[in-house]
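Peer 1: Got a predicted structure plus its sequence, pasted below:
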Amino acid sequence: MMTTKQHQLTVLGSGTSTGIPMVGCHCPVCLSPSPLNKRLRASVLLDTANGQRILIDTTPDLRLQLLRAKVDSLDHVFITHDHADHLHGIDDLRPLTFPPRPPLSVWTHEQTHGAIQRRYPYLFDPAAGRLGGGRPNLEINALDLSSGVTSLELKGDQFELFLNPHGTQHSMAIVHDSMAYIVDCHEIAPSHLEWLRSKKLELLIIDCVQKEPHQTHLWLDRSVEYIEAIAPKKAGLIHMGHKLEHIALERELSVLKSSEIMVCFDEQVLTYRTA
Ligand SMILES: [Zn+2]
Ligand SMILES: [Zn+2]
Ligand SMILES: [Zn+2]
């Protein structure tokens, strides 16, 4: 019997930049005892049908996320953009590059690459860490995404990358076979929506920070509008703030007749088919 190979996506963190609970906040969601309302910073892990492990974003919670998901090696890392909640755990990749392991390849777009160089010059200095301490041994690659959707093949895994506006900067959307990961943007261009629809996605993980309109993020109405435009088989909301209570939001979404929309939660494991 033929079995269709599946890719796996693990939600390492489903929360907005502060994480939930937010330090100092006593709102019902931050005080909720439910694990569904405890959200580390937004990140996912892909286990591809080809046997590769790929991390998207290095959050300030990275060490805990890698331990919790029992990650003891990675093949590649994508970084969507340079905001602290997506980048500032990058040093926690260090143990995964200790000798005799090879350098770990990191893929991002030019704007973020420039920010990493300015913020973390030691990552690019081969002399750093010769005496104790050390630095993660990374090969940080800058992708030019200025001409639109750009393909990248990593040892048999096909990725398509493009930029979405995120406040004054841009965040990299990542498409792998029948899955798209779109975080930290306030809009998606109509041409990209159309292209995503033509992909007949099985899984779309999409930004949704709150219900009220937001200047740099998608908010519930807009996330749902885009999900309907893209029409994946199933969609999951991520990067959620403390005004979104898991069960209440799930109930609200269940009355919608369109695509199946899930509220992502930490340690959730999803699958999607190979293209
Ligand atoms: Zn963010
Ligand atoms: Zn709160
Ligand atoms: Zn951001």
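Peer 2: Yep, it's here. Computed from a predicted model, the values in this text were never measured in an experiment. Ligands and ions are numbered 1, 2, ... in the order given.

Peer 1: What parts of the chain come near ligand 3?
Peer 2: Of all the residues in the chain, those in contact range of ligand 3 (Cβ under 5 Å from the ion) are H83, D184. C-beta: built from backbone N, CA, C; applies to glycine.

Peer 1: Show me where the chain dips below the pLDDT cut-off.
Peer 2: Within the chain, the stretches falling below the threshold (pLDDT under 70) are 1-4, 129-133, 257-259.

Peer 1: And the helices in it?
Peer 2: Per DSSP state H, the chain has helices spanning 28-31, 62-68, 84-87, 110-119, 190-198, 220-230, 246-254. These are given in chain order.

Peer 1: Tell me the buried residues in the fourth one?
Peer 2: For helix 110-119, the buried set under the neighbour-count rule, 16 or more other Cβ atoms under 10 Å, comprises Q111, T112, H113, A115, I116.

Peer 1: just how off-centre is that helix within its chain?
Peer 2: Averaged C-alpha coordinates place helix 110-119 at 18 Å from its chain's average position (Cα atoms, centre = their mean, to the nearest Å).

Peer 1: follow-up on the earlier one: tell me which of the helices of the chain sits nearest to L74.
Peer 2: Closest of the helices of the chain to L74 is helix 62-68, at 8.5 Å (criterion: Cβ to Cβ).

Peer 1: which one is the closest residue to ligand 2 within the stretch 151-275 of the chain nearest to, not counting chain neighbours?
Peer 2: Ranking the residues of the stretch 151-275 of the chain by distance to ligand 2 (Cβ to the ion) places H242 first, at 3.4 Å. Spatial nearest neighbour of H242, chain neighbours left out: V29 (4.6 Å); criterion: Cβ to Cβ, 6 or more residues apart in numbering.

Peer 1: measure that neighbour to K38 for me?
Peer 2: Plainly put, V29 is 10 Å away from K38 if you go by Cβ to Cβ, to the nearest Å.

Peer 1: How about F124: what's its closest non-neighbour residue?
Peer 2: Of all residues beyond its chain neighbours, the one nearest F124 is Q117 (6.2 Å), with distances taken as Cβ to Cβ, 6+ apart.

Peer 1: Please report how far that neighbour lies from M172.
Peer 2: To M172, Q117 is 17 Å away according to Cβ to Cβ.

Peer 1: returning to that earlier point: what residues do V29 and K38 have in common as contacts?
Peer 2: Taking Cβ atoms under 8 Å, 6 or more residues apart in numbering as the contact definition, V29 and K38 share the neighbouring residues I20, P21.

Peer 1: check contacts around the closest residue to R68 other than its chain neighbours.
Peer 2: Distance criterion Cβ to Cβ, 6+ apart; nearest residue to R68, sequence neighbours excluded, is E267 at 6.8 Å. Residues counted as contacts of E267 (Cβ under 8 Å, 6+ apart) are T10, V11, L12, R68, A69.
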